[in-house]
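got a predicted structure here, sequence first:
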Amino acid sequence: MEKIMAVLTGERIYGERLCAYANHRRNMPFTAVSFDSGAAYRNFASKHKIGVLLTDGHLEKGCFGVRDSPPGQQEELIIGLFDETDDDSVFNYSEGPGLETYTLIPKYQSAEKIMRSVMSCCSAMGVELGRELPKEKPYVAGVYSPDPGAPKSAYALTLSKVLSLKKKTLFISFEEFSGFSQVTGDSYGVSLSDGFLSLKQGRLDAERICSLVHIYSGIEYIPPVQFADDMKDVSGGDCAALMAEIIKNGSYGAIVIDLPKIFHMAEEMMDICDEIFLPERSDALGKAKVEEFMDYLEFSKKLRLKNRLTRFELEASLSSNGAAASYLDRLLYGEFGDRARAHAEHIR
């Protein structure tokens, strides 16, 4: 059964907006419910399983908040919404409970950051939340090119957006220098580097995966590695193992992988792809590189990969849809988007 994340706060609008965001974000493995009184929460908790309680601790400080749980109620995780500027916060009380038994996160930050913190806390403390698993294995698309000048990353991003309109989709880039933070304008506290670390520690569970996911223009993605050195000791097998855990523990209907340029790194991930898209430039040198790659697959008897390849011409230049159009809009409503929609036509 899906579990509940309860938000107990004296700021009713704050609680309602946070819950609305959590319930709208499709990768959250719980239902969020807001309460502005301890009595209402106790009544609800006596009838429903509470996986996570977020509270600012202001309500009924003498008998509730972070001090006591309702009779018979055992929250799996209590997270304090901590306001450093509030001298009246229960979390500042010297007579309050030992804070080592609770997790604190800043109250006033973006809802997306709060949700990532919640999922990270759940993973770190071994709290498993009910989640809706896909009924079948997700469709996995890889995008690769042996030609560094081919617009493979831009096409992978476009394909992710097109697929996200059909089903819940995750985008992951394994490029050392993805440029993605420059495109999104976001800075990342967590990234694919943390995913590899969690994989080695054996704790890349559903909650940890959710804690890594960001959203850009409706696209759910795990930020690429922040530093190229983070890929120094990562093998193709490690990348494939990470993808296997995401496929198993995630709740996605489709996954798009921007494969690394180095073929021996990309090859093991290609084996888990249902299709591999190979955009190529129309110039002679670009085509020659692709033909050399195809000859290599034939010579080395890697026909299992060759048979999954879909080759198509795609130039790196973007059509102009006005100065105000975003980068993703220009991709989506130009040749990139037309190609992606045609390729996604058979995917239901």
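That came through, no problem. Residues are numbered from 1 along each chain as shown.

give the other helices and strands that the longest helix belonging to the chain contacts.
Longest helix in the chain by number of residues (criterion: DSSP state H): helix 284-299. Identification of packing neighbours for helix 284-299 by 3 or more Cβ pairs under 8 Å, 6 or more residues apart in numbering; DSSP states H and E yields strand 275-280, helix 303-306. No exception for glycine: its C-beta is placed from N, CA and C like everyone else's.

paired strands for the longest one, with orientation please.
In this case it means strand 275-280. Here strand 275-280 is paired, per DSSP bridges, with strand 139-143 (parallel), strand 309-313 (parallel).

looking at these, which is buried most?
Between those, strand 139-143 has the highest mean count of neighbours, a mean of 24, where neighbours are mean count of other Cβ atoms under 10 Å.

contacts for it?
152-153, 155-156, 159, 163, 167, 243, 247, 253-259, 266, 269-270, 272-279, 347 (Cβ atoms under 8 Å, 6 or more residues apart in numbering).

using CSV, list the CA coordinates for that strand.
Extracted in CSV, the C-alpha atoms of strand 139-143 (Å, rounded to 0.1, in the frame of the first residue of the first chain):
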residue,chain,number,x,y,z
TYR,A,139,11.4,1.2,-22.8
VAL,A,140,15.1,2.1,-22.9
ALA,A,141,16.6,4.2,-25.7
GLY,A,142,20.3,4.9,-26.1
VAL,A,143,21.7,7.7,-28.2
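
model confidence for the closest residue to residue 303 other than its chain neighbours, exactly?
Of all residues not flanking residue 303 in the chain, residue 297 sits nearest, at 7.1 Å (Cβ to Cβ, 6 or more residues apart in numbering). Looking at residue 297, its pLDDT stands at 93.

spit out the contact partners of residue 297.
Under the criterion of Cβ under 8 Å, 6+ apart, the neighbours of residue 297 are 303, 305-306.

how about TSV for these, with neighbour count, distance to residue 118 and pLDDT added?
Formatted as TSV, these follow (neighbours: other Cβ atoms under 10 Å; distance: Cβ to Cβ, whole Å; pLDDT from 0 to 100):
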residue	neighbour count	distance to residue 118	pLDDT
303	10	46	90
305	18	40	92
306	15	44	91
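
just the closest of the residues you listed to residue 184, please.
residue 305 (31.0 Å; Cβ to Cβ).

what sits against residue 290?
Residue 290 neighbours (Cβ under 8 Å, 6+ apart): 145-147, 278, 280, 311.
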